[in-house]
Each structure stands twice: as structure tokens, then as C-alpha cells.
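Q: Return a 3D structure for these sequence lines:
(one chain, ligands or ions: 1)
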Amino acid sequence: MLRLTGLHHVNFAVRDLGSSERFAIDFGLQVAARTEHSVFLRGAGNGAYLLRLEASDRDAFLGAAWSVADANELQRAVAEYGATNLSELAGPGGGHAVTLTDPEGLPWHLVADIAPTIAQPLRESLRINTGAAKDRRGVTQLKPPLGPPQLLKLGHIGIFIQDFARQSQWLQNVLGLLPSDVLYAGSPDHGIGGFFRLNRGAEWVDHHALAVFAMGKADCHHISFEVQDSEAQFVAHRWLSKQGWEPVWGVGRHPLGSHVFDVWRAPCGYRFETYSDTDLCTAAEPMHLHDVKHAQMDLWSNEQPDRYFK
Ligand SMILES: [Fe+2]
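A: Next comes the predicted model:
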């Protein structure tokens, strides 16, 4: 299996590049570079870019790019897993890429050698006085200004798929991802959705870098960027609402992964999410199985999941 080190960026074709760029900037991204038909957007971290938007006559998911250690790993993907031949990336930081296609037909890029950019100073995180532990003494709480949040990294992607068993095998055997939580319907061997994380051995990683939902089609469902804390999300929620963008769900907290989420609809139709305070796991964490009958989507609301998947 391949050894992924993280998610680098995601690519979308968009019909309305101007509106898509305005949304991305309100969401917290910043223009890193432009070409005649594309715009590359970065966050506040050191990733050269987290999102590439390409002008097109259709709105479409053009694949996400996973980072690998070096070009040798790219060559291994070509030799052992049938990835396309190595090509040079045109975006900021350069680098090389190969592309794999999963059993659902979705493209996944592997990238290496992209020069990082300089991370921007991160605002301080909240210090919470809880009922039992009041550690913030004589210090007033942070009051982030109304505006776009700082996006630290592209943390995970959610996808629609058709065949969970087949996709789960491919994600584990080819991409080397580990299942954190799997949802089943009826019997435990009938998985219908799941959350997969990077395998970084003893290193702590986010509960998931990929979420899959078997719902009869193959497409991107959402992309998710990490922010400093939930304060950033509530303030960003107010900011995005003030700009007139369409909320989908949040601010809420998912039971699986525990992260605080806030989901918005981009002009291209795909969902953009921020998350904070996710569970961390090492490779030693076993998979947990859950009957979808008892699954909850949000600890903080009674919203029905239907609208999240429409
Ligand atoms: Fe998510």
C-alpha cells in the first residue's frame, strides 16, 4: 500500500469562476496564484495552496491531491498501482503528480516536491473557563474580528460512493488508509459509510482524512478545512451569513470524530466545511462499528441528515 502524509489540495471545475473565488475568499482562502483559466488559493498554514478552481462549462470534482514523501513514492504508485505517468504541477511551489482512479471512477492525485509557502501568524486559541477549572484568570476572552477565518489545512474530504465494501478495500489496500469508524445497516458486514484516517504509525492524526457515504453515486460530498477553534467557526458563520452565502449545517458537533463543524454551499454546488477540535488517533486505534439505526449526526441540533446529503 501507499504511504500518504496528508491532504495537499483539492481541484474543482467551476462554471462561475468569479463567484466561486469570492466565496472561497469569504470562506477564509487567499489567492496564491493565477493562470489564464485557474486560480490557486492558500490558507494560513504553509501549504502552497489548498484549492484550485478551474474555469469550465460545468461544475465538477477534479480530484483531491494527497501528499507523499517523495517522487519515489510517486513512481511506486505508477509501477505497483497503475497510476498515470509522473507529470509536473503548474501551481505555486511546483512539484510532481501522478493520478490514480478508484473503483468508483473518482480521480485521486498523489503529489510530492511542492515547495511550501510561509505560514501566517496564527491568532491565539480560546482559553476556556469551565465550571470545574477556571484557568483564565484576570484575562479577558479573545474577541476575533468579524471576517473570514484562518484556515490551517485541508483536513478531510467527504465523498459519495456506490459500493462501500469495494471502496473500503481499495482505500485500505491502495491508499493505505485506516478505518476509524464504520456505519452499517442491518448486519455488521454491510457497511454503508465510514471515516478513514492516515496511517502515520505512532503519530497522532485526525480521526479522518476521508469520509465515504454509499448513497448511489460517485462524487465529492464536501471538503473540510481546519480552523483554530469553535470561536472561529461561530464568527465565520456570522460573516458568511452576512455575505449572503447559503448555510447547509452547523455550527454543530458530530458524534463520530467529535469535531465541531460548519458546512456551507459553494456556488459550484459542493459543500465547504470548517472543523475544529477533532479526535486524534494513532495507527493502533481499532476500527469501531456502529449501527446506522442509532447514528446521530449532530449533538447540538435536531436537524435531519437528509438536507446534509441533498
Ligand atoms: Fe466533514
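
Q: Could you pull out the strands in the stretch 201-310 of the chain for me?
A: Per DSSP state E, counting those that start in this stretch, the stretch 201-310 of the chain carries strands over the ranges 205-206, 210-214, 219-226, 246-253, 260-265, 271-276, 280-281, 288-291.

Q: Tabulate the ones you listed (a markdown table), appending distance to the ion and mean neighbour count.
A: C-betas here are computed from N, CA, C, even on glycine. Putting the strands of the stretch 201-310 of the chain into a markdown table (distance: least, Cβ to the ion, whole Å; neighbours: other Cβ atoms under 10 Å) gives the following:
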| stretch | distance to the ion | mean neighbour count |
| --- | --- | --- |
| strand 205-206 | 10 | 22 |
| strand 210-214 | 6 | 23 |
| strand 219-226 | 4 | 22 |
| strand 246-253 | 10 | 18 |
| strand 260-265 | 6 | 22 |
| strand 271-276 | 5 | 24 |
| strand 280-281 | 16 | 16 |
| strand 288-291 | 16 | 14 |
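
Q: right, and those - which one's nearest Val98?
A: Closest approach to Val98 among the strands of the stretch 201-310 of the chain is made by strand 210-214 (18.3 Å; Cβ to Cβ).

Q: Quickly find the element holding the nearest residue to Leu4 once chain neighbours are set aside.
A: Excluding its sequence neighbours, the residue lying closest to Leu4 (Cβ to Cβ, 6 or more residues apart in numbering) is Trp66, at 4.4 Å. Using DSSP states H and E, Trp66 falls within strand 60-68.

Q: thinking again about what came up before, I'd like to know which of the strands of the stretch 201-310 of the chain lies nearest to Gly105.
A: Nearest of the strands of the stretch 201-310 of the chain to Gly105, taken as Cβ to Cβ: strand 219-226 at 9.8 Å.

Q: Could I get the contacting residues of Val212?
A: Applying Cβ atoms under 8 Å, 6 or more residues apart in numbering to Val212 gives the contacts Gly158, Ile159, Phe160, Ile161, Phe164, Gln167, Ser168, Leu171, Gly193, Gly194, Phe196.

Q: again, only using 10 Å
A: The contact partners of Val212, taken as Cβ atoms under 10 Å, 6 or more residues apart in numbering, are 104, 157-161, 164, 167-168, 171, 177, 179, 182-183, 191-196, 221.

Q: right, is the lowest-mean-pLDDT helix or strand in the chain up against the ion?
A: When each helix and strand of the chain is scored by mean pLDDT, DSSP states H and E, helix 306-309 comes last, with a mean of 81. No. Judged by Cβ under 5 Å from the ion, helix 306-309 stays clear of the ion, getting no closer than 9.8 Å.
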